[in-house]
Structures are given as C-alpha cells and as structure tokens.
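Trainee: 3D model of this:
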Amino acid sequence: MSEQESSFGSKNLGGPRGLGDPNDRSLRKVEKEVLIPKVMRDRAKAEKCTEEVAAFETCCKNNSILMVAVCRNENDKLKNCLTRWYKNEDFIKECTEIYLNDRSEFRRTGLQKKYRNYLKERDLKANAGNVQ
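Mentor: Take a look at the predicted model:
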C-alpha cells in the first residue's frame, strides 16, 4: 500500500486531479462529525440566528469584563437558536448537500472554495468594467 493510499484510502485517489471521484457521495466519519457540523454552525450563525448573534456580540462589546455574568440571557437565546437549527433535519440535509457540492467541485478543479470565490469575484469585477 502506498503512502498516499494509507492517508486517504484507495477509494479517494481517483478523479481528474487525483483528489477523489467528484461524483462520490459517500461520507467519511470526519466529514459527518466535524466538517458538516462546521457548515451547519457557520450557516446557522450567518443566516438563521443573525438577531441572536448580533445581540450577544453587542452585549459582549458593551460589558467587556462582566460579559460572562451580564450576557447570560443573550447567550442562552443564541444557544437555543443554534440548537434548534442543529436538530432540524431539513437544515442538516441542506448543509450536507452544500458540503458535498463543495467537495465535488474541489475534487473536480483542485481549487479550494476560498480561491474559487476569489476567481469568481475577480471575473465579475472584470466583466463589470467591460460593460458600457
């Protein structure tokens, strides 16, 4: 068994860039337990619990040293909101789909999401400059 096979498993060596099959929809344990929950956490904070996040951040900024005691109510509301979304089956499926699509695109292009987004923005700006 090669060093690459032991790190990634022989199943993940295919695809156009040697990063795995872009069409593979199976999930490893780390993806289920770490990477997809990260997508869920980021989306819940940015899209679903925005009011609770803002209230908690404002409270923390206004109460610096005392925030642990003073911001309990805001923290509880934020935790309740996040927990509600973490248990929502439709949300879990959406986030899993987002993760799988991002992983597939990485395997297809070899480019990480951050760089793909940068290229997309750059192209949009270039096209906007060409429009008369």
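
Trainee: for this protein, longest helix please?
Mentor: helix 89-109 (DSSP state H).

Trainee: thinking Arg17 is in contact with Leu111, fair?
Mentor: No - between Arg17 and Leu111 there is no contact under Cβ atoms under 8 Å: 9.3 Å. Bear in mind the C-beta positions are built from the backbone N, C-alpha and C, glycine included.

Trainee: all helices for the chain, in order.
Mentor: Secondary structure of the chain (DSSP H): helices located at 3-8, 29-30, 36-43, 50-63, 67-70, 72-86, 89-109, 113-130.

Trainee: how much space between the most centrally placed residue in the chain and Asn73?
Mentor: Closest residue to the average C-alpha location of the chain: Val39 at 2.9 Å, with Cα atoms, centre = their mean. When distance is defined by Cβ to Cβ, to the nearest Å, Val39 is 28 Å away from Asn73.

Trainee: now do Asp42
Mentor: For Asp42, the distance to Asn73 equals 24 Å [Cβ to Cβ].

Trainee: with Thr50 instead?
Mentor: With Cβ to Cβ as the criterion, Thr50 and Asn73 are 17 Å apart.

Trainee: cool, Asn23 as well?
Mentor: Counting by Cβ to Cβ - Asn23 and Asn73 are separated by 47 Å.

Trainee: same question, Cys59
Mentor: 8 Å.

Trainee: these two: who's more crowded?
Mentor: Cys59 (18 against 11; other Cβ atoms under 10 Å).

Trainee: run a quick neighbour tally on the residue nearest to that one when sequence neighbours are not counted.
Mentor: Spatial nearest neighbour of Cys59, chain neighbours left out: Cys71 (4.0 Å); criterion: Cβ to Cβ, 6 or more residues apart in numbering. For Cys71, the neighbour count with other Cβ under 10 Å is 20.

Trainee: what's near enough to touch Cys71?
Mentor: Contact partners of Cys71, counting by Cβ atoms under 8 Å, 6 or more residues apart in numbering, are 56, 59-60, 63.

Trainee: which one of the residues you listed is nearest Phe91?
Mentor: Closest approach to Phe91 among the contacts of Cys71 (Cβ to Cβ): Phe56, at 20.3 Å.
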